[in-house]
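# Predicted model and sequence follow; I will ask about them next.
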Amino acid sequence: MQYFSFCIEQLDLAATQLKTKTPAFGRFALLLTDNIVELMLHEQCKHEMQWDEMWDKLGKGKYGPVIRQKVLGQYFDEKIKFCHKIGKVTKDESDLVLISHKYRNELYHTGIKYDELIYPLAWVYHDLACNFFERFRRGFVRYGSDDKFTDVVTRHLGEIKGAFGNIDDQIMMAAKSLRDIKPPLKTPFSDVISQFAINKIEAIQADIEFLVKDNPRQFSEKEILEEIQFHDFFIGIDSPFRDELAKCSSSVEMMTISENARQTWKPKHRNNPTARWIKRAVKLRQEKSVVDVMRKFEQLRQEAALLERIANEAAIQLDGWIQHQIDVARGK
């Protein structure tokens, strides 16, 4: 019974954050929801493995100690993949959990990001968590006669009588009650994701336009795209020439290495892809499934990640160079 109480209290706390429709409260709700989803998945894994250990003693176990240790360990991905394998969650649910968990990790480790996206993502993730709570491992529940339940638990679950019984109906009632705490999303989820994607791609296009308009060498758009991609390849953090460049004693030597590198290098983007990406971003509005829109958005986001980063870095550098020239002209 302690498991059910903990789930209810944390799902209630996450939903309460979502009453305040701001990114900050959305982040907190996402963290809380992801934590309780991991606990629920772990309980499903543990239950399955306990049965398997019993069958193991009869020589009929399916998994063995290595897999049991991996699934019951600290890695979130192993738990959701195993629950999908044994039919506890669908492929769509598994994908949505993994996408949401990835955003949770980014927010936890890298701070304030994705303001427009986080609240609606936390909202739909909480709905899925309530569905898991409703479905997972129900049946007869044993608890002590002296068990005490918080006001939060009794508000959602109702009064518990006796020490052993089936509370499936009360679990279903609690799941609905927990979902209903959240205010409804005013804007359809697919519209929010679509607009977020459009904004990101338009920002890339703005950086490229700035680089084309104000670069001192009067490079064309195609030349700008090639230069910023080669610059990242040649001297970026993952450059295969880092050790060789560190040994250079002159600019002439560096130019020789650069010219040789260009001979076999090919740019990822030969032409500006932003117009094509915006069309895809607009089409996200047509998606009816939450997981489908997130899958397609994630694919688009990954495709755009390189150009988004290097175009922005180049725009910042060019802006700094222009400001320096202005300061010099002013005698500063």
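That came in fine, so what should we check first? Numbers count the residues shown, from 1 in each chain.

# Any stretches of this protein with poor pLDDT?
1, 55, 57-59, 61, 108-112, 137-147, 160-166 (pLDDT under 70).

# What strand or helix carries E159?
Under the criterion DSSP states H and E, no helix or strand holds E159.

# swap that for V282, please
According to DSSP H and E, V282 maps onto helix 274-283.

# Moving C-terminal from that helix, which element do we reach first?
helix 290-329.

# Against which helices or strands is that following helix packed?
Applying 3 or more Cβ pairs under 8 Å, 6 or more residues apart in numbering; DSSP states H and E, we find helix 290-329 packed against helix 91-110, helix 189-214, helix 221-235, helix 274-283. Heads up, the C-betas are built off the backbone N, CA and C, glycines and all.

# what about 10 Å?
Contacts defined by 3 or more Cβ pairs under 10 Å, 6 or more residues apart in numbering; DSSP states H and E place helix 290-329 against helix 91-110, helix 115-135, helix 189-214, helix 221-235, helix 274-283.

# For these, state which one has the densest average packing.
By mean neighbour count, with neighbours taken as mean count of other Cβ atoms under 10 Å, helix 115-135 ranks first of these at a mean of 21.

# Put the alpha carbons of that one into CSV.
C-alpha atoms of helix 115-135 as CSV (Å, rounded to 0.1, in the frame of the first residue of the first chain):
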residue,chain,number,x,y,z
ASP,A,115,10.5,27.4,-22.3
GLU,A,116,7.7,27.2,-24.8
LEU,A,117,7.8,23.4,-24.9
ILE,A,118,8.3,22.2,-21.3
TYR,A,119,4.8,23.0,-19.9
PRO,A,120,2.8,21.1,-22.5
LEU,A,121,5.3,18.2,-22.5
ALA,A,122,5.1,17.9,-18.7
TRP,A,123,1.3,18.0,-19.1
VAL,A,124,1.1,15.1,-21.5
TYR,A,125,3.8,13.1,-19.6
HIS,A,126,1.7,13.4,-16.4
ASP,A,127,-1.3,12.1,-18.3
LEU,A,128,0.7,9.1,-19.4
ALA,A,129,2.0,8.6,-15.8
CYS,A,130,-1.6,8.5,-14.5
ASN,A,131,-2.4,5.9,-17.2
PHE,A,132,0.5,3.8,-15.9
PHE,A,133,-0.7,4.2,-12.3
GLU,A,134,-4.2,3.0,-13.4
ARG,A,135,-3.0,0.0,-15.3
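
# next one: it to chain centre, how far?
12 Å (Cα atoms, centre = their mean, to the nearest Å).

# possible to save the helices and strands packed on helix 290-329 as CSV with distance to Q2?
Output for the helices and strands packed on helix 290-329, formatted as CSV (distance: least, Cβ to Cβ, whole Å):
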stretch, distance to Q2
helix 91-110, 24
helix 115-135, 14
helix 189-214, 34
helix 221-235, 52
helix 274-283, 45
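
# now stretch 314-327, how far from the centre of its chain.
The chain centre lies 34 Å from the centre of stretch 314-327; the measure is Cα atoms, centre = their mean.

# tell me which residues in that stretch are buried?
Buried positions in stretch 314-327, judged by neighbour count with 16 or more other Cβ atoms under 10 Å: 314-315, 318.

# nearest to Q195, of those residues?
Distance to Q195, by Cβ to Cβ, is smallest for A315 among the buried residues of stretch 314-327, at 22.5 Å.

# Once you drop chain neighbours, what's closest to the closest one?
Leaving aside its chain neighbours, A315 sits nearest to D207 (4.1 Å; criterion: Cβ to Cβ, 6 or more residues apart in numbering).

# So the one you found sits against A304, correct?
No - with contact defined as Cβ atoms under 10 Å, D207 does not reach A304; the gap is 11.8 Å.

# Common neighbours of those two, please.
274, 311 (Cβ atoms under 10 Å, 6 or more residues apart in numbering).

# for stretch 266-274, the distance to its chain's centre please.
26 Å.

# quick one: terminal-to-terminal distance for it?
End-to-end span of stretch 266-274 (Cα to Cα, to the nearest Å): 19 Å.

# Give me the buried stretch members for it, please.
Of the residues in stretch 266-274, 269, 272-274 count as buried by neighbour count, 16+ other Cβ under 10 Å.

# State the distance from E226 to F219.
9 Å (Cβ to Cβ, to the nearest Å).

# cool, and I80?
Taking Cβ to Cβ, one finds I80 at 47 Å from F219.

# quick one, which of these two is more surrounded?
Set I80 next to F219 and count neighbours by other Cβ atoms under 10 Å: I80 wins out with 24 against 15.

# My guess is the more buried one contacts T90. True?
No - here I80 lies out of contact with T90, judged by Cβ under 10 Å, at a distance of 11.2 Å.

# quick one: common contacting residues for those two?
With Cβ under 10 Å, 6+ apart, I80 and T90 have common neighbours L96.

# Quick one: end-to-end distance for stretch 243-255.
15 Å.

# oh sorry, the question was meant for stretch 170-188
OK, stretch 170-188 end separation, Cα to Cα: 30 Å.

# Which positions in that stretch come out as buried?
170-171, 174-175, 177-179, 181-182, 185.

# Mind putting those residues into TSV with distance to L31 and secondary structure?
As requested, the buried residues of stretch 170-188 are exported to TSV (distance: Cβ to Cβ, whole Å; DSSP: H, G, I helix; E, B strand; the rest coil):
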residue	distance to L31	secondary structure
Q170	27	helix
I171	24	helix
A174	22	helix
A175	21	helix
S177	22	helix
L178	17	helix
R179	19	helix
I181	17	coil
K182	16	coil
L185	19	coil
